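> Could you look at this predicted model? Sequence included:
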Amino acid sequence: MPSTAVVWFRRDLRVHDHPALAAAAEGHDRVVPLFVLDERLLHGRFESGPRTAFMLGSLRALDAELRRRGGALCVRSGRPEEVVAQVAAAVGAEAVHWTSDVSPFARRRDDAVTAALRDAGVHGRPHGGNHCADVSLPRTKAGRPMTVFTPFWKAWERLERRDVLAAPERIRLPPGLAPGSLPDGPRLEDELPAPFCAPGEPAGRAALDAWLDGPVDRYADRHDDLIGGTSGLSPHLRWGSISAREVEARARERGGEGAAAFVRQLAWRDFYAHVLLMHPGNARLEFQARYRDLQWDDDDELLQAWCDGRTGYPLVDAGMRQLAASGWMHNRARMVVGSFLTKNLHLDWRRGEWWFGRMLLDGEPAQNNGNWQWIASTGVDPAPYFRRMFNPVLQQQKFDPGGVYVRRWVPELAGVPDDRLAEPWTMSAGQQRAAGCVIGRDYPEPVVDHAIERRAALERYRAAGSA
DNA sequence: TTTTGAGTTGTTCGA
DNA sequence: GTCGAACAACTCAAA
């Protein structure tokens, strides 16, 4: 009697270095690679065309990788807590393997699936998540979860690492299994005018190869370059089309200053996974209780101007338009637009988190929440709020002095001279005509005055912090 | 992974 | 040639 296991895929859409798939393929004669299309994620408050399109592309690529190895992706629709156990029963599986996840939603879902499997007499077996190390382990000397990055990083460097695993050579499906099919759309190129990257494991592995083949060496001093400079691997890490552990191992193998700086950023990713795992309440509430009664404004027009990239601050608008057009934004720009939303527009960081979650191909709860709470100064890794208040004009002058990034994403500013590009509203009427960019007609006036709103934000934070 | 404003020093330029 | 206003360039503390 051949033994059978189900591998329940979620956001681990690859065959290389996949502990759950490897365990199933080694321990059983038959493997059922399963994906459950969960309607809750496709519609409603969290609906996102770009994300769904990227996911479907990643799933098609996974199906192709599985077929090359004799398998296929078995697609079913419905609620995982019902479907997973049904499929396991139908194929007579002894075990269901999956990759664990840290978000509160994922953990509730996985608990429900585990319970359903237990009722059905099937062994549910979670494997480590898509991180470099086991993010559930680090603790302070006092035995508490860690909340400061630097000590976390030191502890993380000392954690054990599992071996990088080869892709299974052969996947044997149970005879007569009907694969089911993926929906046709939405398609990425219909959702985004300039998609940031192609989905799927082969694209992810090619991007990793290209990154480690040279650009990574300059990461230490170039990571703030708004164009180039970064790996661009984040969507693949988010969907698991590459393995964080493998990325880390290969970067360490490469060695050098750039690779070390890059690995440190992978530690930030593991840090925020640790934080959300240990503090699921962060998904809704400020980690720092004293900031839970911060006063936020409720101005839908300002929020819309921010989402659309119509704030009148070129770097802010360039970042937001890059996001809307490509599904990605450079991290430096994310910090600037986040600071602008929370500390110049006085809008709740959760509204920015929501928009990022919808638009970012790499949007995942742990990273999105951790970074938004970082810029709102409400999260772990405490630093005074005034250290995270950015001046969009200075940031642009510092990180995009030649205006390449701004002109690329805000084309109506193309003719504005370099020395006016960070504050185009200071152009004279004659300069505006010469630049082909009249402020208020071709490009918006600034929606707020940074100097004034900065002082207002300081007052709000001071008031909440001392209450 | 910051910004601002005050204070200080040094330079320029015209009365 | 001297003086002082204006301003740039810098440091530093506070937010």
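That came through fine.
> Residue numbers of the stretch 101-250 of chain A in contact with DNA strand B?
Proximity of the stretch 101-250 of chain A to DNA strand B, by C-beta under 7 Å from any atom of the strand, involves residues A:Phe149. The way it works is simple: take the backbone N, C-alpha and C, and place the C-beta from them, glycine included.
> For the residue lying closest to A:Asp381 once chain neighbours are set aside, grab the count of nearby residues.
Using C-beta to C-beta, 6 or more residues apart in numbering and skipping the chain neighbours, the partner closest in space to A:Asp381 is A:Phe149 (4.9 Å). Neighbours of A:Phe149 under the rule other C-beta atoms under 10 Å: 18.
> ok, A:Phe149 - contacts?
A:Ala267, A:Trp268, A:Phe271, A:Asp381 (C-beta atoms under 8 Å, 6 or more residues apart in numbering).
> What of A:Glu94?
Going by C-beta under 8 Å, 6+ apart, A:Glu94 touches A:Ser3, A:Thr4, A:Ala5, A:His28, A:Val122, A:His123.
> Most neighbours among the residues you listed, which one is it?
Within the contacts of A:Glu94, most neighbours by other C-beta under 10 Å means A:Ala5, with 26 neighbours.
> Based on its surroundings, how many neighbours for the residue in the stretch 351-467 of chain A that DNA strand C sits nearest to?
Proximity of the stretch 351-467 of chain A to DNA strand C (C-beta to the nearest atom of the strand) peaks at A:Phe386, 3.6 Å away. Other residues lying near A:Phe386 total 13 when counted by other C-beta under 10 Å.
> is it true that it lies in a helix?
Yes: applying DSSP: H, G, I helix; E, B strand; the rest coil, one finds A:Phe386 inside a helix.
> That one and A:Arg238: what is the separation?
From A:Phe386 over to A:Arg238 the distance is 31 Å, taken as C-beta to C-beta, to the nearest Å.
> before we move on, what about A:Arg264?
Computed as C-beta to C-beta, the A:Arg264 to A:Arg238 distance reads 19 Å.
> Pull the residues that contact the helix or strand of chain A with the lowest mean pLDDT.
Lowest by mean pLDDT, DSSP states H and E among the helices and strands of chain A is helix A:39-42, with a mean of 81. Helix A:39-42 is contacted from outside by A:Phe46, A:Thr52, A:Ser77, A:Gly78, A:Arg79, using C-beta under 8 Å, 6+ apart.
> same thing but 7 Å
Identification of contacts with helix A:39-42 by C-beta atoms under 7 Å, 6 or more residues apart in numbering yields A:Thr52.
> Show me what the helix or strand just after that helix is packed up against.
Moving toward the C-terminus from helix A:39-42, the next helix or strand (DSSP states H and E) is helix A:49-68. Applying 3 or more C-beta pairs under 7 Å, 6 or more residues apart in numbering; DSSP states H and E, we find helix A:49-68 packed against helix A:188-191, helix A:201-212, helix A:234-239.
> if I look at A:Thr52, how far off is DNA strand C?
A:Thr52 is 42 Å from DNA strand C, where distance means C-beta to the nearest atom of the strand, to the nearest Å.
> ok, that residue - contacts?
Residues counted as contacts of A:Thr52 (C-beta under 7 Å, 6+ apart) are A:Leu42, A:Pro186.
> Now do the SS call for A:Thr147.
The local conformation at A:Thr147, judged by three-state DSSP, is coil.
> how many neighbours does the closest residue in space to it that isn't next to it in sequence have?
Spatial nearest neighbour of A:Thr147, excluding adjacent residues (C-beta to C-beta, 6+ apart): A:Val380 at 4.0 Å. Per other C-beta under 10 Å, the neighbour tally for A:Val380 reads 23.
> ok, now A:Phe271?
There are 25 residues near A:Phe271, going by other C-beta under 10 Å.
> Identify the residues contacting the nearest residue to it once chain neighbours are set aside.
In space, A:Phe271 comes closest to A:Phe152 once its chain neighbours are excluded; the distance is 5.0 Å by C-beta to C-beta, 6+ apart. A:Phe152 is in contact with A:Pro138, A:Met146, A:Phe271, A:His274, counting by C-beta under 7 Å, 6+ apart.
> repeat that with 10 Å
A:135, A:138, A:140, A:145-146, A:267-268, A:270-272, A:274-275, A:380-381 (C-beta atoms under 10 Å, 6 or more residues apart in numbering).
> Distance of it relative to A:Val122?
Counting by C-beta to C-beta, the gap from A:Phe152 to A:Val122 is 36 Å.
> Among the contacts of A:Phe149, which pair sits farthest apart?
Pairwise distances across these (C-beta to C-beta) peak at 12.2 Å, for the pair A:Ala267 and A:Asp381.
> For the stretch 51-200 of chain A, which segments count as helices?
Assigned by DSSP state H, counting those that start in this stretch, the helices in the stretch 51-200 of chain A fall at A:80-91, A:104-119, A:149-158, A:188-191.
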